[in-house]
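Undergrad: the following block contains a protein sequence and its predicted model.
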Amino acid sequence: MNLLGAGILKGMAVTLKNFIGSYFDKERLNTLEYMWQNDKSLPKRAGDYPKEEGEQLRPTTTVTNYSRNFPMLLHDDGEPMDTIRCVACQICERECPPQCIYIEKSDDKKERPGGKPQFYPATFDIDVSVCMSCQICVEVCPFDAIVMNSQFELSTPDRFNGLLLKRGDLLKSNQYYHKIHPEEAADRDKRIADDKAAKEAKKKAAEAAKEAKKKAAEAKAKSEAEANSKEESKDPSEPPQTSTEHNKEENTE
Amino acid sequence: MNWELIKDILLATVPLLVIFPTMFALTTWVERKALARIQNRIGPNKVGVPMSRYGGKLSLFGLGQPAADGIKMLFKENIVPTGADRLFHLLAPILSLIPAMLVLCFLPLNFPWLTDEQNSVKAFMLDGAVIFFFAITGLNTLAVFMAGWASRNKYSLLGGMRAIAQMVSYEIPLVLSAVVVVMTVGSLNAGEIAKSQDGWNWFVFSPWGLAAFIIFFIASLAETNRSPFDLPEAESEIIAGYFTEYSGFKFALFFLGEYIAMFAISGLAVTLFLGAGDGPGAEAYPSLKVIWFLAKICVLIGIMIWLRGTLPRLRVDQLMSFAWKFLMPLSILNIFITGFAWHAENNNEEYGFTIKAIIWTASLLILYLTAKGLDKVNRANIKPRTYQYGE
Amino acid sequence: MSQPIDHEAIIQRFSGSEWDDKFCALIVPLSEATALAKWLRDDNDFLLDYCSNVTGIDYLDREIKEKVENEEGKMETVTRIDPSRIEVVYHLYSMEKHTGPFTIKQLTERNNPEVQSLTPIWRSCELQEREIFDLFGVNFIAHPDQRRILMWDEFEGHPMRKDYVEPFDYEWEPTPHDEILDKHQRGKVIV
Amino acid sequence: MNEVTAFWILAAIAVIGALFAIRKRNLVHGVFSLLVFFAGLAGLFLLLLAEFIAVVQILVYAGAVGILILFAIMLTDRVTGKDAFRVTSRGSFWGTIIAASVFLVLLLPTIQEIPQVDNPSNSEEIVKQSTVKALGKKLIHPYVITLEILALLLTAALIGAVTAAQGGHPAKKKISIE
Amino acid sequence: MGPHHPSTHGVFRMDVKLDGETVVDLKPVFGYLHRNHEKIAENISYLASMPFTDRLDYFNSMTNNWAYAIAAEKLVEIEVPERAEYLRVIMAELTRLVNHISLVGFFVNDLGALGTPLLYAFREREKILDLFEQASGARMMCNYLRFGGLRCDVPEGWLKRARDLVDRFPKFLDEYEQLLCENEIILSRTQGVGTLSRDLAISAGVTGPMLRASGVNYDIRKVDQYGIYNRFKFRVPYSENNVGDCYDRFMIRMLEMRESIEILKQALDGIEEGPVMGNAGKVFKPKPAEAYGRIESPKGELGFYLVADGTPKPYRFRVRPPSFINLTVLRDMCIGQQVADAVIILGSIDIVLGEVDR
């Protein structure tokens, strides 16, 4: 027959164990102390926070290299605006559940390293007060142009336009992406490299097929085949819609 | 006016007014730190000396917290609800503080710097000290009712009524368990009770003394609305009980009153059961008595904080039935046992060790069995249940 | 998976109800609803004693292109006008026999919808039917206490209806988010 | 000299408390001023060095009786607040005359009886007599029968009160438990 | 007890008519957090309303996603790869642990234990939420499941971390039970309070631990055998002869946590490498059909009823919230009890207002 107040005493034994444990046992005390600093140093706009190299306003220890917060635009190495990956195809603006992305397509095309000249977004705003960091835009983007950042200190005193991140604030380099999400960045780059290789292989196969077709045509009817095959190879000179069907087969991998 | 008398009185009472409020400030810090550590968090460590010149901050483990609370309470705007009747709204916290402070001066804290003559002044109520103690703590109930009634809102009225019912019904076990000690010592004044327990024969070491101490401690928890009995200020049901409508310094007064009452009652517990001021070095250096006394009070306060971190709250009717159907019969039985044991010891000659052992074990057994029986009667169907597992 | 419940037995017993094979649900007329429900619950080869889900669906008049087998067996699409109605769908389960979902539907027209409330038979329909009353405006006959559950009492209109127009948002404040929303509303139909 | 001033202060408190207790419109205020009166009385007893009686005065009257009256006020409705009924003081003239005569009847014998306190020195035995132990002995030896009867009377009153509160038959109470 | 009362779990109001301390009548009032999630879902695509399901019962977002994924997979026959099924079970059971320890913590907090058990529960919850963050990127709003599998695979080393969390968890559970299960005060305050009879529970559509506490052996993991639950050997605790009061509900949740650990152990042993995403096309455009998918979420039966009309937007998106329907019996349980008990009965039902008001 158990002692009269046994339940209560056992309960108190547990609290005593926790009381002592919280001094020594790392397992029990996992509350991290947040570095306190006065908030006069709070920037006026969310965009004024430090841009590059993932350096937070305050050295916090809570950000792991998996956590995601608001999205950011990626550009490969080199001058940001030349190597921006985004082509303003506005799929992410359409798919975004709370509809917080606003894109205005530029009218002129910009040369992209190793690729066709593409449009670029004249303005690319994300309303950080509305975005719920759900990563749908990263999934639907066919060009891996938008990925999730892990910076969470974006508080500003101005409620109306302070929380609107402009294109300049969103644009971050690929090394920064490697720095904050090493694993995910590595996978993404490997996937891009594979796709590029696959496309090259397909293009080579397509050229090879074209030469073979050309040779066969010459062999059969040498003179008129050459005449009309020359124009036919000129007019499908990459009209823009090929880029959309390009992204169609891109994403059915 | 003879200045001599006034000097004596001041010498006796001012140290009390200095020691106990500072201990109050420390206890709030200790309580928050200990509760935090029990719950595996760090507790207040942000308030400290702002060293703006060096940019950082000397946090000194949050010791600045009580000072910060005090200042905050001073500057908080004190709101009086329109419906409340202002006089009693103001009077209630004061009335809750007076008995707590008044009771402090009857504890047998023989300060080293006091000569015997001054000691007598302090313990003016030489004879009726213990009864005076219970009379004054009875006034605390009035203060709680006045607060509940004066703030004119349904939560505080409910809280006030609960508090009165609880305090009135827990005063009886409190008094009855004190009777045990008074009976064996034969006098009501605190000094003599302390003297009779010198040399380690504290009351808590005798079986009836231990039972009385446990009952006294449980009843004192209820008297000061602490941990398992903090029903009047149950946040989950009636927001903050009788001091819902209080803010600013009046709330701090209530807070101070509650803590000083806690010190006073644990002081009495120490005097009655734990041999006030008696400790290893007490005979050699009489000045050590005060330190031992305060140390024992801190131990009791520590247990109260530990209970607060662990136990949930009782319901009103369980609270009542626990007092009337469990504690009171037990303490009455305890009085009979003490009477019998004292009679056996003092009135017959061959009171050898064997009879003493028999009496002690017999009383221990009787007390434990009646406690088990009462508990079974009160909570007949409350026991852990078993569950089936379906596929 | 739980085996499907055969519905022929029900149709012979209750002539009014008919089986909609496309969505495998039993359409129940207003008159026979209570009798059928009580029978489904108490009959021991059904024992559908747990009504898990009650949903209201609002259909407007719309033409549907369907591939239909015409005479010479060739699939060709025919456009049919789907009549406008409000459906109240009940998903029933049996906790005794662990049998799968059995759906019954009650149809009513849109202007003043009237449906038989099944709360007296299954208590779980009480809050869900009140929600349908609140958001669709369907009046349930014999519902114990039918009043608005999610919206505040002075709210007019039934938000979940397809043709519901939002009242003017008097708490509107200018936010950068607005042009994003206008741009989406300006005729950019999401494909 | 300071005993006399202390006496006058305490007497003033007691008289004011009693007056307020009668004149106050709001019942709860009346009860609290009654408690002030009890406290004043306890102070007076202390002055007479009868500390045990002073303590009992506070314990019994200020502590228990005060709370009892408050409970009574709380539990009977329509006693306080706006719609509390007004006691008309129609017969106030005759009332005062009767009160004054009773006061006189009580006051005269006490005035003659006051002992001429010539030397305050014998206050020591007064203190000795009124110690708790002496009172305890007196209560047990000569007055033990009265003590028992009193105890019986009180328990009877207690049981009566409990049954009255329950409305007579305990059966009714059982229903309210389920 | 107004919407901002300290012990209603979120914005929920109870009109309580008191006679002294006992409750005479009680009318729950909802709608303070109503944002008409179903109307939003009708204007956005199927995939876009997946992150919204996290906001339904914000304590266990993985099970909400899974219920929606099951309903969508019933609309269009999509085959889910092995590893995805295993990871779904692991995530669901981890969420069940999070939900049950937090609930027990809140329940005892209502009893007045000043947060100690709650903070122990939150200390353990932090470790599980770190696992979710490493897998999906966010701690609470994971948005991790997709129709036909998962959004991305778990990082390497995750399974090992999950494994030793599961091994350490029983030690914490013993400590938790020692603190709470034999405590006399908790026993006497919860036994006999808020009793729910067996047939009232069935007819009122109460599901989950509350139903099993009233004596009905009905667990959708066993009944529907959705996902790959039929591969794991686990038991379902229910209370046959007891009266189904607050204590039973509290104990059933403690025992269910032990069963979840069993499932987690078996799942973590059985998982192998493999693809995580089935062959679902980029745009989810189902043919006109209806589907009702339901799972055993920690609070009860969470169901999604989707009506598709061929466009990429659902025609009707209906959520069957367990805590909303469990509230039908709140009034019957609270009549005749004390005020302090009404608060505990509400705590034992385990409601989350995001799900109740949708």
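TA: Cool, the structure landed. Numbers count the residues shown, from 1 in each chain, chains lettered A, B, ... in the order given.
Undergrad: chain A against chain E: which residues are in contact?
TA: Residues of chain A lying close to chain E (CB under 8 Å from any CB of the partner chain) are A:2, A:5-8, A:10-11, A:13-15, A:17-18, A:27-28, A:30, A:64, A:66-68, A:95-97, A:132-136, A:139-140, A:148, A:183-184, A:251-252. Where you see a C-beta, it was placed from the backbone N, CA and C, and this is true even at glycine.
Undergrad: change it to 6 Å
TA: A:7-8, A:10-11, A:14, A:30, A:66-68, A:97, A:134, A:183, A:251 (CB under 6 Å from any CB of the partner chain).
Undergrad: which one is B:P112 nearest to, not counting chain neighbours?
TA: Leaving aside its sequence neighbours, B:P112 sits nearest to B:S287 (CB to CB, 6 or more residues apart in numbering or on different chains; 3.4 Å).
Undergrad: assumed C:E63 was part of a helix.
TA: No. Counting by DSSP: H, G, I helix; E, B strand; the rest coil, one finds C:E63 to be strand, located in no helix.
Undergrad: in what helix or strand does C:F140 lie?
TA: Assessed by DSSP states H and E, C:F140 sits inside strand C:139-141.
Undergrad: sorry, slip of the keys, the one I care about is A:A209.
TA: Per DSSP H and E: A:A209 is located in helix A:182-220.
Undergrad: coming back round to it: which neighbouring elements make contact with the strand holding C:F140?
TA: On a contact count with 3 or more CB pairs under 6 Å, 6 or more residues apart in numbering or on different chains; DSSP states H and E, strand C:139-141 meets strand C:114-116.
Undergrad: quick one: average pLDDT of the strand it packs on?
TA: Per-region confidence: strand C:114-116 scores 89 on mean pLDDT.
Undergrad: sheet-wise, list the partners of it with their directions.
TA: Counting by DSSP bridges, the strands paired with strand C:114-116 are strand C:139-141 (parallel).
Undergrad: that older thread, buried residues, the helix holding A:A209. List them.
TA: A:E184, A:A185, A:R188 (16 or more other CB atoms under 10 Å in any protein chain shown).
Undergrad: out of those residues, who's nearest E:S348?
TA: Nearest to E:S348, judged by CB to CB, of the buried residues of helix A:182-220 is A:E184 at 41.7 Å.
Undergrad: close to chain C: what parts of chain E are there?
TA: Residues of chain E lying near chain C (CB under 6 Å from any CB): E:30-31, E:34, E:36, E:202-205, E:216, E:218, E:223, E:290, E:292, E:303, E:305, E:307, E:316, E:318, E:320, E:325, E:328.
Undergrad: now, these that are in strands?
TA: Assigned to strands by DSSP state E, the following of those qualify: E:E290, E:Y292, E:G303, E:Y305, E:V307, E:R316, E:R318, E:R320.
Undergrad: redo the buried residues of helix A:182-220 as CSV? Include pLDDT and distance to E:L165.
TA: Shown next, in CSV, are the buried residues of helix A:182-220 (pLDDT from 0 to 100; distance: CB to CB, whole Å):
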residue, pLDDT, distance to E:L165
A:E184, 85, 22
A:A185, 86, 27
A:R188, 87, 28
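Undergrad: sorry, back to before: so of the residues of chain A next to chain E, which ones are in helices?
TA: A:G7, A:I8, A:K10, A:G11, A:V14, A:E183, A:N251 (DSSP state H).
Undergrad: determine which two of the residues you listed are furthest apart.
TA: Largest separation among these by CB to CB: A:I8 and A:N251, giving 62.3 Å.
Undergrad: once you drop chain neighbours, what's closest to the most centrally placed residue in chain D?
TA: Residue closest to the mean C-alpha point of chain D, counted by CA atoms, centre = their mean, is D:Y61 at 4.8 Å. Nearest residue to D:Y61, sequence neighbours excluded (CB to CB, 6+ apart): D:F38, at 4.3 Å.
Undergrad: confidence score at the one you found?
TA: Value listed for D:F38 in the pLDDT field: 91.
Undergrad: and the longest strand along chain A, what's buried?
TA: Longest strand in chain A, counting residues (DSSP E): strand A:121-127. Buried residues in strand A:121-127, defined by neighbour count with 16+ other CB under 10 Å: A:P121, A:F124, A:D125, A:I126, A:D127.
Undergrad: could you give me the average pLDDT of that strand?
TA: On average, strand A:121-127 scores 86.
Undergrad: can you give me the buried ones in the helix or strand that contains B:L10?
TA: Assigned by DSSP H and E, B:L10 belongs to helix B:3-38. For helix B:3-38, burial by neighbour count (16+ other CB under 10 Å) applies to B:8, B:11-12, B:16, B:19-21, B:23-25, B:27-38.
Undergrad: do stretch E:258-275 as well
TA: Using 16+ other CB under 10 Å as the test for burial, stretch E:258-275 gives E:E259, E:S260, E:I261, E:I263, E:L264, E:K265, E:Q266, E:A267, E:L268, E:I271.
Undergrad: so does that stretch get close to chain B?
TA: No. Among the residues of stretch E:258-275, none lie within reach of chain B under CB under 6 Å from any CB; the closest is 8.5 Å away.
Undergrad: what's next to that stretch, contact-wise?
TA: E:81-83, E:86, E:89-90, E:93, E:96-97, E:163, E:166, E:169, E:232, E:234-235 (CB atoms under 6 Å, 6 or more residues apart in numbering or on different chains).
Undergrad: and which of these is nearest chain D?
TA: E:R235 (35.1 Å; CB to the nearest CB).
Undergrad: quick check: pLDDT value at that closest one.
TA: 89.
Undergrad: now do D:H29
TA: The pLDDT attached to D:H29 in the predicted structure is 83.
Undergrad: same question for B:G267.
TA: 89.
Undergrad: what about B:F111, helix or strand, and which?
TA: Counting by DSSP H and E, B:F111 is part of no helix or strand.
Undergrad: residue of chain C closest to chain D, please.
TA: Nearest to chain D, among the residues of chain C, is C:R123, at 22.4 Å (CB to the nearest CB).
Undergrad: disregarding residues adjacent in the polypeptide, which is nearest to that residue?
TA: Excluding its sequence neighbours, the residue lying closest to C:R123 (CB to CB, 6+ apart) is E:A204, at 4.1 Å.
Undergrad: count the residues that sit near that neighbour.
TA: Residues within reach of E:A204, counting by other CB atoms under 10 Å in any protein chain shown, total 26.
Undergrad: now E:Q134
TA: 20.
Undergrad: can you tell me if the helix holding B:L10 touches chain D.
TA: No. Helix B:3-38 lies out of reach of chain D by CB under 6 Å from any CB, never closer than 8.5 Å.
Undergrad: I'd like the average pLDDT over that helix.
TA: What helix B:3-38 shows for mean pLDDT is 84.
Undergrad: rewinding a little: what does the residue nearest to the centre of chain D show for phi and psi?
TA: Note on D:Y61: backbone dihedrals following degrees, to the nearest 10 are phi -80, psi -60.
Undergrad: from A:T123, how far out is it?
TA: With the distance defined as CB to CB, to the nearest Å, D:Y61 ends up 84 Å from A:T123.
Undergrad: which parts of chain C are helices?
TA: If DSSP H is used as the criterion, the helices of chain C fall at C:8-13, C:33-42, C:125-136, C:177-185.
Undergrad: can you say which of these is nearest to E:T22?
TA: The nearest among the helices of chain C, by CB to CB, is helix C:125-136 at 24.5 Å.
Undergrad: residues touching the closest one, excluding its own?
TA: Contacts to helix C:125-136, defined as CB under 6 Å, 6+ apart, come from residues C:51, C:54, C:56, C:117-119, C:138, C:140, C:143, C:146, C:148-151, C:158-160, E:328.
Undergrad: now it against strand E:316-320, angle please.
TA: Per axes from the mean of the first three to the mean of the last three CA atoms, to 10 degrees, the angle that helix C:125-136 makes with strand E:316-320 is 150 degrees.
Undergrad: pLDDT averaged over helix C:125-136 - what is it?
TA: The model assigns helix C:125-136 a mean pLDDT of 90.
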